[in-house]
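# below are the sequence and a predicted model; questions follow.
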Amino acid sequence: MILIDGKKTSELLQSEIAEEVITIKNNGGKIPHLAAVLVGNDGGSETYVAGKVKACEKVGFKSTLIRYDDTVTQDELLKCISQLNCDDDLDGFIVQLPLPKHISEEKVIEAINPHKDVDGFHPINVGRMVAGMPAFISATPFGIMELIKRYKIETSGKNCVVIGRSNIVGRPMSILLSQKGIDCTVTICHSRTKNLKEVCAQADIIVAALGRAEFLTGDMVKEGAVVIDVGITRVKSDKTKSGWKLLGDVKFDEVAPKCSFITPVPGGVGPMTIASLLYNTLLSSKKVIYK
Ligand code: NAP
């Protein structure tokens, strides 16, 4: 069994990005610039955004943090987005989700210029991905594909089961895995899927993204399978200093011994997301996706 080390892979990707930034600087080019818009004081969002800003500094990007109180109106936020869309110095920006209930996330995402949508949530980027065109791919699916590529996991003709059909993980994963060049035969499962255990037991690759702690058990996985665990559920624990721990969607102790490759939680898919966002920003600054 090979443990897929997301932390190490993420650090490697970030050091590759940092090297590119040095080359850009040495050639007198423009330093990539990422902005993040944070609304309110949600603890989780604060941590994520702080992590993104810190990662920008580490790779040598310029970063800007724009903060709004959670009383900001939708119109004010849309005005900010249209200013960011026109800011020539910015290569990309993100609006940290979730947003307060009085603001439509759909309207906010649609207002972002797809050329600067480094989160890859705009329908134009999603549509381009579906059509197999160059697109900003959202961070979690991008990170998973990067792990699959870097660990040279065989995908062509393999039976892949994706559990979960959300717009941010399950559905894009099912599309990316079935695209030309990756060539998996993909089954996408959800809460209405029948005989999930039997479906999973046929899979060469399982992507578990349903958000149910330790859902995938040993008897659902065949010998030699590749298991990618996307789930993150925070549960109470008296064994940690913080009083809580993170669990994935996979019952790791039962499943890991049967696997050829498996991602742990924490330290698997999670650490890849920030690196993926930085990579998209670099692609944007190099005008790789939109010429
Ligand atoms: P989500 O929007 O809640 O979607 C969950 C999906 O799982 C839905 O499609 C749902 O089916 C399906 N599902 C729920 N219970 C099921 C069951 N018993 N059997 C089969 N399918 C079931 O969740 P998400 O945003 O995709 O996130 C999934 C998990 O990944 C969460 O734990 C989240 O925290 C984690 N996550 C991690 C990262 C990371 O960086 N590692 C990033 C994003 C998300 P229906 O459509 O029928 O309701």
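Received it, and whenever you're ready, just let me know what you need.
# contacts for the strand or helix carrying Thr281?
Per DSSP states H and E, Thr281 falls inside helix 272-285. Contacts with helix 272-285, where a contact means C-beta atoms under 8 Å, 6 or more residues apart in numbering, come from 6, 9-10, 13-14, 17, 20-21, 24, 30, 32-34, 51-52, 55-56, 59, 61, 91-92, 94, 115-116, 118-120, 136-137, 139-140, 142-144, 146-147, 289-290. Backbone N, C-alpha and C define where each C-beta goes, glycine included.
# that one near the ligand at all?
Yes - contact of helix 272-285 with the ligand (C-beta under 6 Å from any ligand atom) involves Thr273.
# send the alpha carbons of that helix over as PDB?
C-alpha atoms of helix 272-285 as PDB (Å, rounded to 0.1, in the frame of the first residue of the first chain):
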ATOM      1  CA  MET A 272      -3.500  20.300  -2.200                       C
ATOM      2  CA  THR A 273      -6.300  22.900  -2.300                       C
ATOM      3  CA  ILE A 274      -4.200  26.000  -1.600                       C
ATOM      4  CA  ALA A 275      -1.400  24.900  -4.000                       C
ATOM      5  CA  SER A 276      -4.100  24.400  -6.700                       C
ATOM      6  CA  LEU A 277      -5.400  28.000  -6.200                       C
ATOM      7  CA  LEU A 278      -1.800  29.300  -6.500                       C
ATOM      8  CA  TYR A 279      -1.300  27.300  -9.600                       C
ATOM      9  CA  ASN A 280      -4.400  28.700 -11.200                       C
ATOM     10  CA  THR A 281      -3.200  32.200 -10.400                       C
ATOM     11  CA  LEU A 282       0.100  31.500 -12.000                       C
ATOM     12  CA  LEU A 283      -1.700  30.100 -15.100                       C
ATOM     13  CA  SER A 284      -3.800  33.300 -15.200                       C
ATOM     14  CA  SER A 285      -0.700  35.600 -15.000                       C
END
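# quick one: end-to-end distance for stretch 258-266.
End-to-end distance for stretch 258-266, by C-alpha to C-alpha, to the nearest Å: 20 Å.
# mean confidence for that stretch?
Here stretch 258-266 scores 98 as its mean pLDDT.
# list the buried residues for that stretch?
Burial within stretch 258-266, assessed by neighbour count using 16 or more other C-beta atoms under 10 Å, is assigned to Lys258, Cys259, Ser260, Phe261, Ile262, Thr263, Pro264, Val265.
# brilliant, that's me finished.
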